[in-house]
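> Can you look at this prediction? I've put the sequence above it.
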Amino acid sequence: MKKTLGLFAAGAVALAMTACSGGATPAEPGAAGGAPNKPLDQLVVGFAQVGAESGWRTANTKDIQESFKTAGIQLKFSDAQQKQENQISAIRSYIQQGVDYIAFSPVVQTGWDAVLQEAKTANIPVILTDRAVDSKDTSLYVTFLGSDFVAEGKKAGEWVTNEYKDAKEQVSIVQLEGTTGSAPAIDRATGFADVIKANPNLKVVASQTGDFTRAGGKQVMEAMLKSQPKIDLVYAHNDDMGLGAIEAIEAAGKVPGKDIKIVTVDAVHDGMVALTEGKINFIVECSPLLGAQLIDVIKKLNAGEKVEARIVTNEGTFTQEQAKEALPNRKY
Ligand code: GZL
Ligand code: ZN
């Protein structure tokens, strides 16, 4: 009897050992790589934000900070001023501090594998919010929570195609691109081009990055107004560059929304105001309100529950009429 008990006990210990060595069933509390099942007020999350380049970004930051406050989860927050090296060093510092989770919006798609591997080695799950990375190894992050930027580009293309369906001559389009190498800039250009190629009259005569900022949009638009004999429409990858383009168009003595139509993406407050004023003609929404979904992912991981590998935010589009309706009760 004594011998059997001894064997049983040894077996149980061995089982427990494997359970704590990281290959654990997620529900095993405290197991490395498993679910910590910590009380929420003991969780610490490191967030490496892109910067404060646009109205979208500041709305996104505010929403994330408020969501963590409401959830009672500690947030360490950094602003990388749109520099990848700053985001990488912020992520490294969160690894050093041994946070429970790391979340970030990668300023560009490439160059993340090394630091994400360091987080994985340290058993710190990483959550991508807003923008994606092009890492082939999807085990480097738990989920990508954010918009479908190709779909956003397609929605902009559909409006333009419809607006000019009866055009008999070339419609000259200039494109103000977002940050070079960023997922939204790459995908919004792809989606747009995919749709407008159906009508050979629709031609992108110039395309340049304004880095998602008002100043960038204004500078690029000033140059394009000088270099392009004719511009019928501006497709700006975000409202802020569209607002900068409005300043340049007005300074050139033309009427934005009429002489030169404008289509943008985001639907932040100032963009929606310009849409109600007719200076922008159509806006494709990109929601910055990712905080609640990020908290939900963290709670699920903490409880050892499954999380979808891709969580797409739902968002719509706005005409001038719809903007007038929506503006009074928008959160940002
Ligand atoms: C899109 C986001 C983009 C916004 C810009 O999800 O990454 O970055 O469209 C922001 O306004 O700067
Ligand atoms: Zn206002």
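In hand now; what should we look at? Ligands and ions are numbered 1, 2, ... in the order given.
> Quick one: name the residues of this protein near ligand 1.
For the chain, the contact set with ligand 1 under CB under 6 Å from any ligand atom comprises 53-54, 56-57, 130-131, 146-147, 184, 212, 238, 240, 265-266, 286. For the C-beta atoms, the positions are set from N, CA and C on the backbone; glycine is no exception.
> go with 5 Å
Proximity of the chain to ligand 1 is confined to 53-54, 56-57, 130-131, 184, 212, 238, 266, 286 under the rule CB under 5 Å from any ligand atom.
> how about the helices in the stretch 1-150 of the chain?
2-20, 55-71, 84-97, 113-121, 149-163 (DSSP state H, counting those that start in this stretch).
> any idea which of these is most buried?
Here the criterion is mean neighbour count by mean count of other CB atoms under 10 Å, and of the helices of the stretch 1-150 of the chain the winner is helix 149-163, at a mean of 21.
> so how far is that one off the chain centroid?
Between the centre of helix 149-163 and the centre of its chain there are 18 Å (CA atoms, centre = their mean, to the nearest Å).
> Give me the packing partners of it, helices and strands only.
Helices and strands touching helix 149-163, by 3 or more CB pairs under 8 Å, 6 or more residues apart in numbering; DSSP states H and E, are helix 183-196, strand 233-236, strand 261-266, strand 282-285.
> again, 7 Å this time
Here helix 149-163 touches helix 183-196, strand 261-266, strand 282-285, going by 3 or more CB pairs under 7 Å, 6 or more residues apart in numbering; DSSP states H and E.
> Of the residues of the chain next to ligand 1, which is the most crowded?
Counting neighbours by other CB atoms under 10 Å, Asn238 leads these with 34 neighbours.
> That residue: what's it in contact with?
Counting by CB atoms under 7 Å, 6 or more residues apart in numbering, Asn238 makes contact with 54, 56, 178, 212, 264-266.
> any idea how far it lies from Ile246?
As judged by CB to CB, to the nearest Å, Asn238 and Ile246 stand 13 Å apart.
> cool, and Asn199?
For Asn199 relative to Ile246 (CB to CB), the value is 26 Å.
> And for Asp137?
From Asp137 across to Ile246, the span is 43 Å (CB to CB).
> what does Pro36 give?
49 Å.
> try Leu275
Per CB to CB, Leu275 is found 11 Å from Ile246.
> So what does the residue sitting nearest the centre point of the chain look like in phi/psi?
Residue closest to the mean C-alpha point of the chain, counted by CA atoms, centre = their mean, is Asp130 at 2.0 Å. With angles defined as degrees, to the nearest 10, Asp130 sits at phi 80, psi -70.
> for the closest residue to it other than its chain neighbours, phi and psi?
Nearest residue to Asp130 in three dimensions, chain neighbours excluded: Ser105, at 3.7 Å (CB to CB, 6 or more residues apart in numbering). Main-chain torsions, Ser105, degrees, to the nearest 10: phi -110, psi 100.
> per-residue pLDDT, Ser105?
On pLDDT, Ser105 comes in at 98.
> residue contacts, it?
Neighbouring residues of Ser105 by CB under 7 Å, 6+ apart: 49-50, 129-131.
> okay, now Asn302: neighbour count?
A count of neighbours around Asn302, defined by other CB under 10 Å, yields 20.
> Was I right to think it contacts Asn37?
Yes: Asn302 lies in contact with Asn37 (CB atoms under 7 Å); the separation is 6.4 Å.
> Okay, the residue nearest to Gly178 when sequence neighbours are not counted and Leu289: tell me how far apart.
Distance criterion CB to CB, 6+ apart; nearest residue to Gly178, sequence neighbours excluded, is Ala185 at 3.5 Å. Distance of Ala185 to Leu289, given as CB to CB: 21 Å.
> okay, those two: which has more neighbours?
Between Ala185 and Leu289, counted using other CB under 10 Å, the more crowded position is Ala185 (26 against 17).
> roughly how far apart are the more buried one and Glu169?
29 Å.
> sorry, back to before: dump the helices and strands packed on helix 149-163 into CSV; add distance to Thr161 and mean pLDDT as well.
Shown next, in CSV, are the helices and strands packed on helix 149-163 (distance: least, CB to CB, whole Å; pLDDT from 0 to 100):
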stretch, distance to Thr161, mean pLDDT
helix 183-196, 6, 98
strand 261-266, 11, 98
strand 282-285, 12, 98
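> I'd like those as JSON lines, with distance to Ala326 appended.
Shown next, in JSON lines, are the helices and strands packed on helix 149-163 (distance: least, CB to CB, whole Å):
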{"stretch": "helix 183-196", "distance to Ala326": "21"}
{"stretch": "strand 261-266", "distance to Ala326": "13"}
{"stretch": "strand 282-285", "distance to Ala326": "9"}
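> Low-confidence bits of the protein, can you list those?
Within the chain, the segments meeting pLDDT under 70 span 1-35.
> Break it down into its domains, please.
According to automatic domain parsing, the chain comprises the domains 2-146+288-314, 149-286.
> No further questions, thank you.
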